[in-house]
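In: Below: sequence and its predicted model.
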Amino acid sequence: MTKRKVAVALSGGVDSAAAALLLTRAAYEVIGIHMRLRDSPSFDDHAHRAADICRILGIPYHQLDLQKEFESCVVDYFCREYRHGRTPNPCVACNHYVKFGLLLDKALSLGADYLATGHYAKVEHSRHGHRLLKAADTRRDQSYFLYTLTQEKLGRVLFPLGEHNKDEVKQMAMQAGLPTATKSSQDICFISRKNYGAFLSQRFPTLPGEVVDTRGRKLGQHRGIAFYTVGQRHGLGLASGKPLYVIRIEPESNRIVLGHEEELYSRKLTAHNLNWISGKIPRESITARAKIRYKSKETEATLSFRNDSVDVHFAQPQKAVTPGQAIVFYNVDEVLGGGIIDSVERET
C-alpha cells in the first residue's frame, strides 16, 4: 500500500519539529519545507534548525523563498492597517495568504497529499466535510488564527499536535534529539513589541494631531495615529486624576479620542471579510460564542448576516473591541468561521 505523502511546514521551532516527528512515526512519507520570509540573522538561524530537523529525521528538506510575498501580504498589510488607525492581526494574514495559500500550493506541487503544521488545533475529516476544532490543550489552542480555512484547504491539512499539550511536545522532541527553539515565540515574527514605533516610522510618515475627550474637548496632541490602539492606557503623554484610555481612533480627522474605562465597553460590532468554514453562511440569525481577540474569553452573541458582513450583538458588554482585529465564532469546540471587525457601537 502506497504511503500518503505529507509536507511539514518547519519553522525550526519545537512545535513543527514535533509535528514532523509524529508523522514519521505514523508511517507517512514526510518531507520538510521551510519558508524563507525575511533576510536576517535570526531567520538564517531558523533555516539552519529546520535543515537539522530534516537531517535527524531522515526526511528531504526544501526551502521556499517567500520574502516578496510575505512583505506584500503581511508586512505591508500590517503597516497599512496601523496607518489607517486600525489594529492588524498579521498572524491571520500570514496563515491565509502564505502558509495555507502559497506554501500549501508548493506542497501539493511536490506531490504531497497534505500540508501539516505545528498549530495547536484539530481538523476532523469525514465524507460529509471537514471541521476545524479547538486543540485538546485549550491553553495553547490556536484555532482563532485559522478561521480563514475553507473546506477545500481543510481537506489537505493535518495538525498533528491537536491532541497533545506543550509539555508532551517538548519532551518528545528532546527525547528524539531534535533541535528546538530556546526562546519563547512571539506573536509577530518580524518585529518585537518594543520596536513597533521605530518600525512603523521607517515605513511611512506620521502626522501629529489632536487628542480629545469624548465630548470633543482638546486634551493635547498625539504623535501619529499609527502609534495607538483602542484600549491603550499607557504612553498617552497626559496627566489625569482618573485613568484615560484610547476609546477610538478617527483617521479621517487624525484624532485620538480618550475616555474613562467605562466608555470602552460595547455590545455591538459589524465585521466583514467573512469566512464560514462549512462554506454556507447562515441566512438567518444564529447564536454562537464569539472571541474578539486571541487572549479574550468567548462570550455569547447573536449573529445577524447581511450580504458580505455580519452584525454581532453581545449578551454582555465587551471591553476594547478593536477595528482591524479578527472576531471568531465557535459552537462549543468547533470553529464556525470569522471575520475582521470593521466598526463598533459603544455603550452610551
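Out: Everything's here; your move.

In: Please make it C-alpha for all contacts and neighbour counts, starting now.
Out: OK.

In: Just the pLDDT for Ser184.
Out: pLDDT for Ser184: 46.

In: tell me the strands in the stretch 1-150 of the chain, going along the chain?
Out: 5-9, 29-36, 61-65, 114-116, 121-126, 129-134 (DSSP state E, counting those that start in this stretch).

In: Which other helices and strands does the fifth one contact?
Out: Of the remaining helices and strands, those touching strand 121-126 by 3 or more CA pairs under 8 Å, 6 or more residues apart in numbering; DSSP states H and E are strand 129-134, strand 157-158.

In: Skip the chain neighbours and tell me the closest residue to Gly12.
Out: In space, and not counting its chain neighbours, Gly12 is closest to Ala50: 4.2 Å by CA to CA, 6 or more residues apart in numbering.

In: Likewise for Arg36?
Out: Asp65 (4.7 Å).

In: So what's the residue count around that neighbour?
Out: 13 (other CA atoms under 10 Å).

In: my read: it touches Asp39, true?
Out: No. Look at Asp65 against Asp39 with CA atoms under 8 Å: they stay out of range, at 10.0 Å.

In: Give me the neighbour count for the closest residue in space to Leu22 that isn't next to it in sequence.
Out: Nearest residue to Leu22, sequence neighbours excluded (CA to CA, 6+ apart): Pro160, at 6.8 Å. Number of residues near Pro160 (other CA under 10 Å) recorded here: 24.

In: how close does Pro160 get to Ile256?
Out: Distance of Pro160 to Ile256, computed by CA to CA, to the nearest Å: 44 Å.

In: Quick check: can you list the domain ranges of this structure?
Out: Residue ranges for the domains of the chain, per automatic domain parsing: 5-175, 205-259, 264-346.

In: Could you list the low-confidence segments of the stretch 51-200 of the chain?
Out: The model of the stretch 51-200 of the chain has pLDDT under 70 over residues 180-187, 193-194.

In: Now do the helices in it.
Out: Under the criterion DSSP state H, counting those that start in this stretch, helices of the stretch 51-200 of the chain are mapped to 67-70, 76-83, 90-93, 104-109, 151-154, 166-175, 196-203.

In: got the CA positions of the second one in CSV?
Out: Looking back up the chat, that one is helix 76-83. Extracted in CSV, the C-alpha atoms of helix 76-83 (Å, rounded to 0.1, in the frame of the first residue of the first chain):
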residue,chain,number,x,y,z
ASP,A,76,2.6,45.9,4.0
TYR,A,77,-0.8,45.0,5.3
PHE,A,78,0.4,45.4,8.9
CYS,A,79,1.7,48.9,8.2
ARG,A,80,-1.3,49.9,6.1
GLU,A,81,-3.8,49.0,8.9
TYR,A,82,-1.9,50.9,11.5
ARG,A,83,-1.6,53.9,9.2
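
In: Run through who's touching it.
Out: Here helix 76-83 makes contact (CA atoms under 8 Å, 6 or more residues apart in numbering) with 87-90, 200, 203-204, 225-227, 324.

In: Kindly present the helices of the stretch 51-200 of the chain as a markdown table, with separate columns for distance to Arg4 and mean neighbour count.
Out: Listed next are the helices of the stretch 51-200 of the chain as a markdown table, based on distance: least, CA to CA, whole Å; neighbours: other CA atoms under 10 Å:
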| stretch | distance to Arg4 | mean neighbour count |
| --- | --- | --- |
| helix 67-70 | 29 | 16 |
| helix 76-83 | 36 | 18 |
| helix 90-93 | 28 | 20 |
| helix 104-109 | 12 | 18 |
| helix 151-154 | 16 | 16 |
| helix 166-175 | 23 | 14 |
| helix 196-203 | 43 | 13 |
